[in-house]
Every structure is written in C-alpha cells, then in structure tokens.
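Asker: got a predicted structure plus its sequence, pasted below:
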Amino acid sequence: TDVQNFFYALRMPLGFESFVFLEGVDLEHVRRLLESSGHSCADWAEGADVLGCRCLPMGFSWAPLLAQSVLEHVVKEAGLAGECELVHGCGQVALRRWATMCYLDDFTVLVRRASRAAARHDASQLLDRVKAELQRRGLASHKDQIGEEIEALGVVLDCTREGLLLRPAPGKFQAVISATKEVLRRKSVDGRTLQTIVGHWAWWLQLRRPLYSVLQEVYPLIVQHGCHGRVVLPPAARRELRQLIALAPCVRCRLDLPVSQRVHMVDAGPRMGAVVACRLSERPVHSEDVGLPPRARWQLAVQRPWLRPAHNNIQEAKTVLWAVERCVRAGERSAICVIYTDSLVVKGAFDKGRSSSRGLNRMCRRHAALCAAFGLRVVLRYVASAANWADGPSRGLRYPCVAPETCAKAATKAAARPPPGRPPGLWPGLADLP
C-alpha cells in the first residue's frame with residue numbers, strides 16, 4: 001500500500017515549524033497568489049515577515065528520514081515489528097513467517113505460508129492492521145496490491161517462481177531501453193535527457209550492483225556538460241550504453257539465495273597474493289550469521305606471485321577475484337559467498353559496484369562478469385591485518401598465519417594510540433577538570 005499525500009499530511013508539531021522557515025519570500029506576492037486562487041487570507045498575521053511550513057516539505061533535507069521514521073513507528077504500533085524487516089538495499093531475506101519493508105511512503109509485507117490461499121488471507125489481515133493504524137492517525141492509504149506478483153517503486157517482487165525474485169517493472173524498463181536505443185541512433189543528445197536516462201538505469205542497477213562498473217565514461221560526460229546544451233557521445237560512452245542494453249536480462253536480484261559453506265580470506269603482499277579457505281560445518285541461514293572461524297580451520301587455497309608490479313589496491317582486488325573464481329570452480333551457483341579482506345578500499349569499491357579509478361573499476365567489471373554469469377553475490381567483510389590468516393601466505397609462508405612483521409606493526413600502532421576517553425593533543429591539565 002501507499003500512504004496518500006504522506007509528506008503533506010504530516011503536520012509539524014508545535015514549535016517545530018521554526019526549523020522550516022523560508023527566507024527571502026515576498027509575503028505580499030504570496031498573499032496575492034493565494035487570493036487570486038480563491039484562498040482566504042483573513043487569518044494572515046499582520047506584520048509577518050517570514051513564511052513557515054506547517055506540513056513536512058519534500059525539499060527539506062531531513063524530510064525523507066522523518067517520513068521513514070513515522071511510517072516505521074506506525075508499523076510497529078500496528079504490531080508488525082520484530083518478525084523480520086527488509087532494509088532498502090539489503091540483498092537477502094531470512095524469511096520465517098512474514099517480513100515488512102517501509103520505504104518513505106510505501107509499505108510492503110511479504111508472507112510465506114504452506115498454501116497460496118493462506119498466504120493471501122494472512123497478508124490481507126496484516127495489511128488491514130497497518131491501514132487501520134494509519135487511519136487512526138489521520139493518514140489515508142491507496143494503491144493496495146495483494147498477490148504473488150506486486151509492483152512497487154518501479155520494481156516487481158515475483159513470488160510465483162521458486163524463490164523470491166526482484167526484477168524491473170517490464171513497461172517502465174522497456175521504455176528506458178527504447179529511450180537508450182533512440183539516444184544511440186542520434187549524433188548528439190540533450191544533456192538533461194542523458195541525465196534522466198542514466199538516472200533511471202542507476203535506479204534499476206541497484207538490483208545487481210556490480211553492473212554499475214559498466215558506467216565509466218558516461219558519468220564524467222554528465223558532470224562536464226550538465227543539463228544545458230547538446231552532448232556529442234564519444235565512442236566509449238556509446239559502447240557503455242550498448243553494454244547496458246545487452247546486460248538488461250541480468251538486472252534482477254534473488255532475495256533468498258543460500259549462503260555458501262565456503263568462506264575465504266584474502267591478502268596481497270609485496271611479492272605475491274594469497275587466499276585461505278575454510279569450510280563451515282553447517283550452512284548459515286543468513287550471511288550475517290557467518291562468524292570468523294578459528295585459525296586451525298583455515299587452509300591455504302591459492303598462492304600466486306605477481307607477474308608485474310601494480311598498485312596495492314589492484315592487487316588486493318585480484319585476490320578477491322581469485323576467491324570468487326575458486327567458488328565457481330568448486331561448483332557454487334546462485335549463492336552468497338563471504339570473503340574477508342583487510343582492504344577497505346576494495347571492500348568499498350566492490351560493495352558500491354564501481355570505482356572512479358580505471359584500474360580498480362576494471363577489477364569491478366571482472367567481478368560483475370563472474371556474478372552475472374554464475375548468479376553469485378559476494379559479501380565482503382573487513383578483517384584487521386593482525387587477524388588476517390592470509391597475511392603470512394601473501395609474504396611467502398606456506399600455512400595460514402599472520403606474518404611477524406605485521407604483528408610488530410600492529411603492536412606499534414596500538415602502543416601509539418592515545419588512551420580511551422582522552423582525545424589526542426589535549427592539554428594534560430584539561431583532562432582533570434570536572
């Protein structure tokens with residue numbers, strides 16, 4: 001369901017309107033506009049010089065968070081909190097009985113039962129509870145949908161097949177593909193049109209984030225030309241738009257992928273890279289359930305010397321790709337693979353899907369190819385270098401361990417770290433003040 005006119009229906013609490021005054025507005029001009037449209041200005045305050053808002057303005061920077069928090073509170077008051085909550089951008093659902101998702105003014109409840117009739121009945125009851133709570137608070141709802149296939153936010157949640165599948169809404173997605181083809185047929189394109197098309201692609205690429213790496217030349221082109229004038233697309237940008245069209249069938253996401261029992265840890269040393277692996281005794285239900293196994297359970301899986309010098313970030317990314325390729329060779333298909341790394345740069349780039357660095361984005365594209373071809377989703381976890389069992393093999397040792405020089409470096413950093421509760425550089429006498 002969708003909360004009708006949510007932002008306009010949310011009235012500011014008394015005293016809060018002082019935070020959303022509009023400066024530089026000609027109040028006499030506003031009065032004339034209101035009177036010309038038939039609104040009464042009899043209660044207009046004499047001598048007023050500032051215009052404030054009583055409802056939640058959509059352009060206010062805190063408006064999305066406030067609206068989201070209000071809807072989550074309403075759902076909690078309706079008694080639907082605590083079972084399972086879907087967070088926007090999360091790639092996996094540990095569904096037991098039902099799951100709820102709040103996104104600004106949209107509310108979705110996902111119910112799993114033994115039969116379709118029972119699922120429909122329970123979904124209708126849960127939805128009615130939320131609608132009743134909204135109505136009690138003076139909020140109306142509309143656009144209700146109940147079924148095995150529902151559309152929200154331009155995305156279709158398909159429960160008719162085996163599993164839970166998110167895919168773009170066919171009509172809207174086909175319109176963007178057609179608009180992209182039309183842009184490719186022209187020699188130049190309006191800057192705002194190019195921004196709009198790439199913006200629509202960016203929304204749906206969230207379903208498979210690694211595909212963001214396709215866009216390398218288009219983004220700088222948009223930043224350079226903005227919304228004004230005509231843009232002549234260079235061959236590299238045209239090639240990226242064609243690749244998006246070709247990869248359109250891969251823009252989808254399964255929410256119930258199983259978690260692989262194989263866990264990997266990677267590291268890149270000065271002369272070689274290494275991957276250590278561990279097989280869990282039980283298959284985890286959710287990727288968050290995967291802890292850090294003890295050292296005794298890890299085994300050396302890959303150890304390769306560098307053929308040519310490269311930046312450390314590129315080498316760290318290559319070790320992650322080695323771990324993904326090892327999962328593929330082991331027969332992992334349509335699964336979530338958990339990999340530990342001590343490089344926050346690589347973790348950030350792979351989690352985002354792309355990088356502004358050309359060399360690192362090339363690694364992201366290789367990662368996208370593996371994920372799209374074999375239906376994998378890679379979850380990167382950060383581990384400190386002093387607890388990375390691939391550190392020793394990346395420096396030439398033949399068993400999982402942390403190299404002595406890494407331990408010494410970590411001890412030196414720990415000794416130089418200021419004591420807790422006292423910021424670095426603080427004058428000693430200030431710490432004793434009450």
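Answerer: Good, I have the coordinates. Residues are numbered from 1 along each chain as shown.

Asker: measure how far the longest helix along the chain is from the centre of its chain, please.
Answerer: Longest helix of the chain, by residue count under DSSP state H: helix 116-136. Distance of helix 116-136 from its chain centroid, counting by C-alpha atoms, centre = their mean, to the nearest Å, is 28 Å.

Asker: please apply the same query to stretch 238-245.
Answerer: Here the centre of stretch 238-245 is set off from its chain's centre by 23 Å, with C-alpha atoms, centre = their mean.

Asker: so where's the stretch 101-250 of the chain shaky on pLDDT?
Answerer: Residues of the stretch 101-250 of the chain meeting the criterion pLDDT under 70: 161-162.

Asker: show me the helices in the stretch 1-150 of the chain, by range?
Answerer: In the stretch 1-150 of the chain, the helices defined using DSSP state H, counting those that start in this stretch lie at 6-9, 27-36, 63-77, 116-136.

Asker: of all these, which one is nearest Val223?
Answerer: Closest approach to Val223 among those is made by helix 63-77 (24.2 Å; C-beta to C-beta). For the C-beta atoms, the positions are set from N, CA and C on the backbone; glycine is no exception.

Asker: in terms of secondary structure, what does the closest one contact?
Answerer: Counting by 3 or more C-beta pairs under 8 Å, 6 or more residues apart in numbering; DSSP states H and E, the packing neighbours recorded for helix 63-77 are helix 6-9, strand 98-103, helix 116-136.

Asker: outside of that helix, which residues touch it?
Answerer: Contacts to helix 63-77, defined as C-beta atoms under 8 Å, 6 or more residues apart in numbering, come from residues 3, 6-7, 10, 56-57, 81, 100, 102-105, 107, 130, 133-134, 137, 139.

Asker: 10 Å instead, please
Answerer: 3, 6-7, 9-10, 12, 16, 20, 56-58, 60, 62, 80-82, 85, 88, 100-107, 109, 126, 129-131, 133-134, 136-137, 139 (C-beta atoms under 10 Å, 6 or more residues apart in numbering).

Asker: just want the angle from it to helix 116-136.
Answerer: 120 degrees (axes from the mean of the first three to the mean of the last three C-alpha atoms, to 10 degrees).

Asker: now the angle between strand 98-103 and helix 63-77, please.
Answerer: Taking the same axes, to 10 degrees, one finds helix 63-77 and strand 98-103 inclined to each other by 150 degrees.

Asker: send me stretch 314-333 as PDB with only the CA atoms.
Answerer: Only the C-alpha atoms of stretch 314-333 are listed here, as PDB (Å, rounded to 0.1, in the frame of the first residue of the first chain):
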ATOM      1  CA  ILE A 314      44.600  -3.600  -7.700                       C
ATOM      2  CA  GLN A 315      46.500  -6.500  -6.100                       C
ATOM      3  CA  GLU A 316      44.000  -6.700  -3.200                       C
ATOM      4  CA  ALA A 317      41.100  -6.700  -5.700                       C
ATOM      5  CA  LYS A 318      42.800  -9.500  -7.700                       C
ATOM      6  CA  THR A 319      43.000 -11.700  -4.600                       C
ATOM      7  CA  VAL A 320      39.200 -11.200  -4.100                       C
ATOM      8  CA  LEU A 321      38.600 -12.300  -7.700                       C
ATOM      9  CA  TRP A 322      40.800 -15.400  -7.100                       C
ATOM     10  CA  ALA A 323      38.500 -16.300  -4.200                       C
ATOM     11  CA  VAL A 324      35.400 -15.800  -6.400                       C
ATOM     12  CA  GLU A 325      36.900 -17.900  -9.200                       C
ATOM     13  CA  ARG A 326      37.600 -20.600  -6.600                       C
ATOM     14  CA  CYS A 327      34.000 -20.600  -5.600                       C
ATOM     15  CA  VAL A 328      33.000 -21.000  -9.200                       C
ATOM     16  CA  ARG A 329      35.400 -23.900  -9.800                       C
ATOM     17  CA  ALA A 330      34.000 -25.600  -6.600                       C
ATOM     18  CA  GLY A 331      30.600 -25.600  -8.200                       C
ATOM     19  CA  GLU A 332      28.900 -22.700  -6.400                       C
ATOM     20  CA  ARG A 333      26.000 -21.400  -8.400                       C
END
